[in-house]
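Chemist: Coordinates only, no sequence provided:
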């Protein structure tokens, strides 16, 4: 595993939110981003992109975030990939539920673009040290 | 033959009928006993008195009869003493045996006196001798006639005796003219020796005086005492036990059957006879004229009858002895007749009471039968309301009651059958008793098919068999209502399909029997609506946040990118945009919370939390709030570890609202004091105090209302939604806590939360998600 968080596979159905998040992560975190509009795309492109971490929107049409995570986890090399959810459902017990699904963190919407990369890095660090 | 059920019912030991009969019997028995006893007692006393009186009367009569025997003897003696031969003999004796008056010789006078004696003895059969005794020649008998076996014998002059040695002769010498004397009863003596016949003899003696007043001689009549008494008994003809005795103790007894016993001579008496006489003549009664004695078996009435007043106390005692049983014969008869009458009375009472009580209770039995029939048929009983008595009134009242009940029942049944919600009842075991038509519709079954079966058939959740846990669960969510406890569960139709339903359950004590009453409502549609609404709220939430996220992120990035490259006005505009976006985000959150609370959809996950640790953690994690408003959070937590049952996440939300408010309203540089304390044993209190402007008095009762703003501009400037305290109060109260505040206007405000203390449990809040 890389010593530093670098590649993030980002799934978000809203193009504007996606664009801003990508911009924030690239501009302020210097991260390498691969963005997909649909969960199915992410599942399909996971192997090719080989990210360090997943950042998944929860509420999406067709395939939602948790389902996308489940599918990726089912892929070879995908079983241990750390994942962070980004959601408007910010209730504590909802966050708890996402953590139960295997996520390392939850970022509530609206998110702060300036601190987003740091938070992701922090979660990644936690996950690394946990292993 | 048809058997009358009344007959059997009358055999019930406690039936009204039997009670009436018993009462009548008891009353008549008591009456009879009382009357009978009184009658017997009174009759006994009266009869006894009467009987004694009667015996006394008889005794007196008998006594008089015996007295008459004596009187006759005296009379005869006097009669003889006044006859001419007595004086003739006196005159002739003084005149050489020739009467100077008519020339009769002494012998002639003797002859005439003998004739008188003979004629008198012919009349008086008890007389054994009649004599005329002179004083001369040692009391020589002058004339004497004896009764003989073939008649009477004139005793020849040569056989006449001298009697001067006899006691009666000497006693007679002391007599005055007109007086007479009775001798003791002795055996007759002739020539100084006892006569061989041993005749007990009573002698009556009358003295004869000459012209000068000296005693010349005496007339003596001897009577067979025994025969004399016997003759009197025959005259009296009284069938009583009569004993006649004299002062010497001689006596004669007639038995109750009229037979007369032999004369008992005192000188020859046995001890037994002496005893009898002593019994008849007690010492205590020696001078009484009559007395009554009671022996074990008899009543004895005695009367004393004086015979001679002068010479001695010679007298007769007449006793009549009557057995008590004979005395009381009348009483016994009255008693027996009384008893018979009483028995008859009881019998009549019994019969009368039986008849009357049957008649009295018959209408009641008829009523009972009618009511029983009505119970089976379900109608109103047809009772004898036309009767003009108490039973008629009872019948009318009862029928009225039955009609009222039926009317009331019909109204209740109308409600029962026409409400939309299903109503059912079960017994304590959960077996179905009632099942309303709407219940039948809801569960797709009929009462006939499930009556008596377990309610579990329709409610797999086994609510009724687990009533206590049902109750407990509902106390937690706090949705009890007047009808009992309301809860959502799953119902099962008879075809096996399930549906969501709401059930209100009440436990009712219906006359000592526990009964569960359930009201069920098919909430399939409501559930669908709720699902739709939840989805809508969720969608709105998402759809609002998404553009908000974009705007906020854009502004954030823009601000970062343009940092220092734009003028102060432009920078200010960016600030305002960003702050407003953040405020809008909070508003959306708050509105969604309020919506959830209003719909009862806010979910809580209470657990036992260490309040000291929880508060400390929350305050530390929100230092940014303090920094943002340039205040200091000061925590004071001088209490031991204390646990309360709260949802840590929701508690966090509530406390942060208070911290946020306090920070916002505090002047720069001031301190916000957060204190956790436990003033009582059972509650823990968390207070947040600020040094702000305080809460205006006019605003205090509105402070927890939605969109409440004390000072619009200040609130807006501070960026609040006006929903924070409302949400906080709802959360605190939902967690079983209380919220209150104190404020002095111009000197800050203190908000206080308090929660019940609970025991620590193993499960602790998860640090991981608290940190999120």
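Modeler: Happy to help now that I have it. Bear in mind the structure is a predicted one, so any value in this text is a computation, not a measurement.
Chemist: ok, residue B:706 - contacts?
Modeler: B:594, B:722, B:723, B:726 (Cβ atoms under 8 Å, 6 or more residues apart in numbering or on different chains). C-betas here are computed from N, CA, C, even on glycine.
Chemist: hmm, 10 Å instead?
Modeler: Residue B:706 sits next to B:590, B:591, B:594, B:598, B:721, B:722, B:723, B:725, B:726, B:727 when contact means Cβ atoms under 10 Å, 6 or more residues apart in numbering or on different chains.
Chemist: same question, residue A:122
Modeler: A:5, A:104, A:105, A:115.
Chemist: hmm, back to that, pull out the buried residues from the contacts of residue B:706.
Modeler: B:590, B:591, B:594, B:721, B:722, B:723, B:725, B:726, B:727 (16 or more other Cβ atoms under 10 Å in any protein chain shown).
Chemist: where exactly do the strands run in the stretch 451-600 of chain B?
Modeler: Residue ranges of the strands in the stretch 451-600 of chain B, as given by DSSP state E, counting those that start in this stretch, are B:480-481, B:484-492, B:498-510, B:513-522.
Chemist: Neighbours of the nearest residue to residue B:327 once chain neighbours are set aside, how many?
Modeler: Distances taken as Cβ to Cβ, 6 or more residues apart in numbering or on different chains place residue B:51 nearest to residue B:327, at 4.3 Å, with adjacent residues excluded. Using other Cβ atoms under 10 Å in any protein chain shown, residue B:51 has 20 other residues around it.
Chemist: Contact partners for the residue of the stretch 201-350 of chain B found nearest chain A?
Modeler: Closest approach between the stretch 201-350 of chain B and chain A, counting by Cβ to the nearest Cβ: residue B:350, at 88.6 Å. Listed by Cβ under 10 Å, 6+ apart, the contact set of residue B:350 reads B:21, B:22, B:24, B:25, B:28, B:29.
Chemist: related to what we said a few turns ago, from the contacts of residue B:706, which has minimum pLDDT?
Modeler: Minimum pLDDT across these is recorded for residue B:721, with 69.
Chemist: Test my guess that residue B:746 contacts residue B:692.
Modeler: Yes - here residue B:746 reaches residue B:692: they are 9.2 Å apart, a contact under Cβ atoms under 10 Å.
Chemist: Mind jotting down where the helices sit in chain A?
Modeler: According to DSSP state H, chain A carries its helices in the segments A:15-29, A:39-49, A:65-74, A:92-100, A:116-130.
Chemist: who has more neighbours, residue B:746 and residue B:692?
Modeler: Higher neighbour count among residue B:746 and residue B:692: residue B:692, with 22 against 10, using other Cβ under 10 Å.
Chemist: did I read that right, that one in a strand?
Modeler: No - assessed with DSSP: H, G, I helix; E, B strand; the rest coil, residue B:692 is coil; it does not lie in a strand.
Chemist: thinking residue A:113 is in contact with residue A:25, fair?
Modeler: Yes - Residue A:113 lies in contact with residue A:25 (Cβ under 10 Å); the separation is 8.4 Å.
Chemist: more neighbours, those two?
Modeler: Using other Cβ under 10 Å, the more surrounded residue of residue A:113 and residue A:25 is residue A:113, with 25 against 21.
Chemist: Give me the spatial nearest neighbour of the more buried one, chain neighbours excluded.
Modeler: Spatial nearest neighbour of residue A:113, chain neighbours left out: residue A:24 (3.4 Å); criterion: Cβ to Cβ, 6+ apart.
Chemist: any idea how far the helix or strand encompassing residue B:216 is from the chain center?
Modeler: Using DSSP states H and E, residue B:216 sits in strand B:215-224. Averaged C-alpha coordinates place strand B:215-224 at 90 Å from its chain's average position (Cα atoms, centre = their mean, to the nearest Å).
Chemist: Please work out the average pLDDT along it.
Modeler: Summarised as a single mean, pLDDT over strand B:215-224 is 89.
Chemist: okay, the angle between the very next helix or strand once past it and strand B:215-224?
Modeler: Sequence-wise, the next helix or strand downstream of strand B:215-224 (DSSP H and E) is helix B:225-236. On the basis of axes from the mean of the first three to the mean of the last three Cα atoms, to 10 degrees, helix B:225-236 is oriented at 70 degrees to strand B:215-224.
Chemist: quick one: low-confidence ranges for the chain?
Modeler: Unless you meant another one, I'm taking chain A. Within chain A, the segments meeting pLDDT under 70 span A:1-3, A:90-93, A:130-131.
Chemist: That was the other one, I meant chain B.
Modeler: B:1-14, B:267-274, B:308-313, B:461-485, B:708-721, B:762-772.
Chemist: okay, now the closest residue in space to residue B:291 that isn't next to it in sequence: neighbour count?
Modeler: Distance criterion Cβ to Cβ, 6+ apart; nearest residue to residue B:291, sequence neighbours excluded, is residue B:285 at 4.1 Å. By other Cβ under 10 Å, the residues close to residue B:285 number 16.
Chemist: do the same with residue A:54
Modeler: By other Cβ under 10 Å, 24 other residues sit near residue A:54.
Chemist: residues in contact with the residue lying closest to it once chain neighbours are set aside?
Modeler: Nearest non-adjacent residue to residue A:54, counting by Cβ to Cβ, 6+ apart: residue A:83, 4.0 Å away. By Cβ under 10 Å, 6+ apart, the contact set of residue A:83 is A:9, A:11, A:51, A:53-56, A:65-66, A:68-69, A:72-73, A:98, A:101-105, A:123, A:127.
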